[in-house]
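S.K.: Sequence first, then the predicted structure:
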Amino acid sequence: METDLLIIGGGPAGLNAAYEAASHGIETLVIEESFSMGGQLRQQTQVLDKLPKQFEKQRGTTLARTLIEKLSTLNVKVLLKHTMIGTYQDGRIGVSNGVKTIPITAKRIIVTTGAAEEASVFPGWTLPGVMTIGAAQILMNREYVQPGKNALVLGSNTFSLEIVKQFKEMGVTVRGIIESNSELISKHEKIIKSIKKDGIPLYLNSYIENATGVGEVQKVTLNHNGITEEMNIDLVCIGKGVAPILEPFEIMNCSFTYQIRLGGWVPQYSISMETSSPSAYIAGNAAGITSMGGILLTGQLAAVSVAESLGFLNEKLATEKRASLWKELHCIETTADLREVFNARMALIKDYHEEANLLPSSLFDLSLEEC
Amino acid sequence: MDPFIHPIFGKSIKKEVPFYFNGELLKAREGQTVAAALMANGIKKLGVSRKLQQSRGLFCANGRCCSCFVSVNELDHVLSCMTLVEKGMKVDSNNGDPNVRGEKNGD
Ligand code: FES
């Protein structure tokens, strides 16, 4: 199979990149390992604000539909249930549909594999009934299944707390939020207040000693401040945050750097979102964990650069477009409490430009005043 | 199977789909994954781990952790969280090393 542009991952970054690229007339192929497009948006019932200006405030589930519909009249082909599993020596990408491996020849690639949740290991963590907090969200909002009745949530980031709020509406009793630190990870005052008002027990300086049960989790032993307590629990949700998914970049021999604010190891990339592997671009959470605004904008940025490099957009126009997108990204990330994320992203790009002898960019000096 | 009422989307009005798990006839809702359909039937243990034979179920629901393997229509090693249930589908627990080189398991 041949295409101008191959996009790996049909989540928000990939879909927005596909829209931008195909709008310039680029023949675009999206591969997605799931049975439907939209990525994590498919289970996000939260209302997303701080989106790029062309999007109204909307629920994640609605945004997924919006992005998919925008592609309907464009030259975009989608292969669902297809996963990148390797590359050939000549640079073709090997994609599997579970039965066959299909080589794909693409002039450019944008990798938008997103992020995966981190696990947390304690004795019994592999028992059925122990799952990530994101898995519980998928069960509720995509599958209409109650994940359990009596839950413990391990980890207190904002996402975990949002799901705790939703648990109540779903008839799941949260018996406690367990945090190993001496304060909550989330700094989202409104949601913390409402959790406290609901009387959900917060166990700081605490951890799970073990989870036990026959065939599934039934009991959990909690240790808070050195005191142990046994609880009857049928659902343990691990909310330890997410980290970029890196396998495709490893396969393509991209160089990496460590930026804790971006989720740990991340591929290096330039101000054009190009990685160290020729013709391979990056966008979305794979390029560093951020908000939906950042995910969508980096997708667009990568597509603009691809359009330029394939001659669909001249240098002047591409540079202007990139500058306006970077400015918008800067404003969104810095006002959405993500200033550190933006700064870490810029530090990564600057370092990479220096290391790889790329030209410095005037965009390194974006100022808040322009927001 | 519990009728499940979602606070935002309301009641699921999707059609019922019959399927089998380890030979037992169960009902799912159209559009559910195999893993979720089983959990809706109160089944959390989907199989056992290959080496230590410990219970395994859904963990990430996202195709990343490989904890939810089952056999689907005799194809071994299928991620149940990434597979939509279909009418009459025969789902079985994976209880050991799958025969991935078997004829039915692709090339
Ligand atoms: S539950 Fe993790 S891969 Fe299916």
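M.R.: Here it is on my side, so go on. Residues are numbered from 1 along each chain as shown, chains lettered A, B, ... in the order given.
S.K.: Leaving out chain neighbours, which residue sits closest to the residue of chain B found nearest chain A?
M.R.: Closest residue of chain B to chain A, C-beta to the nearest C-beta: B:Gly57 (2.6 Å). To be clear about C-beta, it is placed using only N, CA and C from the backbone, and glycine gets the same treatment. In space, and not counting its chain neighbours, B:Gly57 is closest to A:Pro128: 2.6 Å by C-beta to C-beta, 6 or more residues apart in numbering or on different chains.
S.K.: close enough to count as contact, the one you found and B:Arg56?
M.R.: Yes. A:Pro128 is in contact with B:Arg56 according to C-beta atoms under 8 Å; the separation is 6.6 Å.
S.K.: rewinding a little: number of nearby residues for the residue nearest to B:Gly57?
M.R.: 24 (other C-beta atoms under 10 Å in any protein chain shown).
S.K.: go on, A:Ser156?
M.R.: A count of neighbours around A:Ser156, defined by other C-beta under 10 Å, yields 24.
S.K.: Repeat that for A:Lys70.
M.R.: A:Lys70 has 17 nearby residues by other C-beta under 10 Å.
S.K.: Checking the closest residue to it other than its chain neighbours next. Helix, strand or coil?
M.R.: Among residues not flanking A:Lys70 along the chain, A:Tyr19 sits closest, at 5.1 Å (C-beta to C-beta, 6+ apart). Reduced to three states with DSSP: H, G, I helix; E, B strand; the rest coil, the structure at A:Tyr19 is helix.
S.K.: Check the residue in chain A that chain B sits nearest to and give its pLDDT.
M.R.: Residue of chain A nearest chain B, by C-beta to the nearest C-beta: A:Pro128 (2.6 Å). If you check A:Pro128, the pLDDT there is 98.
S.K.: care to break chain A down by domain?
M.R.: Listed by the TED database, the domain ranges of chain A are A:2-116+A:242-365, A:121-239.
S.K.: List the contacts of the residue of chain A found nearest the ligand.
M.R.: Per C-beta to the nearest ligand atom, A:Ala135 is where chain A lies closest to the ligand, at 6.6 Å. Each residue near A:Ala135 by C-beta atoms under 8 Å, 6 or more residues apart in numbering or on different chains is listed here: A:Glu117, A:Pro147, A:Cys237, B:Leu58, B:Phe59, B:Cys60, B:Ala61, B:Asn62, B:Cys81.
S.K.: The fourth one should be in a strand, yeah?
M.R.: No. B:Leu58 is assigned coil when assessed by three-state DSSP, not a strand.
S.K.: if I read this right, it contacts B:Leu79, doesn't it?
M.R.: No. Judged on C-beta under 8 Å, B:Leu58 makes no contact with B:Leu79 at a distance of 9.9 Å.
S.K.: overlap in contacts of these two?
M.R.: B:Cys68.
S.K.: which parts of chain B sit against chain A?
M.R.: Chain B comes close to chain A at residues B:2, B:4, B:6-9, B:12, B:14, B:29, B:32-33, B:36, B:39-40, B:44-46, B:49, B:54-65, B:67, B:78, B:81-84, B:106-107, as judged by C-beta under 8 Å from any C-beta of the partner chain.
S.K.: which ones among those residues are found in helices?
M.R.: Of the residues of chain B next to chain A, the ones assigned to helices by DSSP state H are B:Ala36, B:Met39, B:Ala40.
S.K.: burial count for the closest residue to the first one other than its chain neighbours?
M.R.: Yep, that's B:Ala36 we're talking about. Distances taken as C-beta to C-beta, 6+ apart put A:Glu143 closest to B:Ala36, at 3.6 Å, once the chain neighbours are dropped. Per other C-beta under 10 Å, the neighbour tally for A:Glu143 reads 25.
S.K.: can I assume A:Val236 sits in a strand?
M.R.: Yes. Applying three-state DSSP, one finds A:Val236 inside a strand.
S.K.: ok, it - contacts?
M.R.: A:Trp125, A:Gly129, A:Val130, A:Met131, A:Ala151, A:Leu152, A:Val153, A:Leu154, A:Ile208, A:Ala211, A:Val217, A:Val220.
S.K.: Name the helix or strand for A:Leu329, please.
M.R.: Assigned by DSSP states H and E, A:Leu329 belongs to helix A:315-335.
S.K.: May I have the helix or strand following that helix as CSV, with CA atoms only?
M.R.: For helix A:315-335, the following helix or strand on the C-terminal side (DSSP H and E) is helix A:339-355. Output in CSV follows, covering the C-alpha atoms of helix A:339-355 (Å, rounded to 0.1, in the frame of the first residue of the first chain):
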residue,chain,number,x,y,z
ARG,A,339,3.2,26.6,31.9
GLU,A,340,5.7,24.0,33.1
VAL,A,341,4.6,21.7,30.3
PHE,A,342,5.1,24.4,27.8
ASN,A,343,8.5,25.4,29.1
ALA,A,344,9.6,21.8,29.2
ARG,A,345,8.5,21.3,25.6
MET,A,346,10.4,24.4,24.5
ALA,A,347,13.5,23.3,26.5
LEU,A,348,13.4,20.0,24.7
ILE,A,349,13.0,21.6,21.3
LYS,A,350,15.8,24.1,21.9
ASP,A,351,18.2,21.4,23.1
TYR,A,352,17.4,19.4,20.0
HIS,A,353,18.0,22.3,17.7
GLU,A,354,21.4,22.9,19.3
GLU,A,355,22.4,19.2,19.2
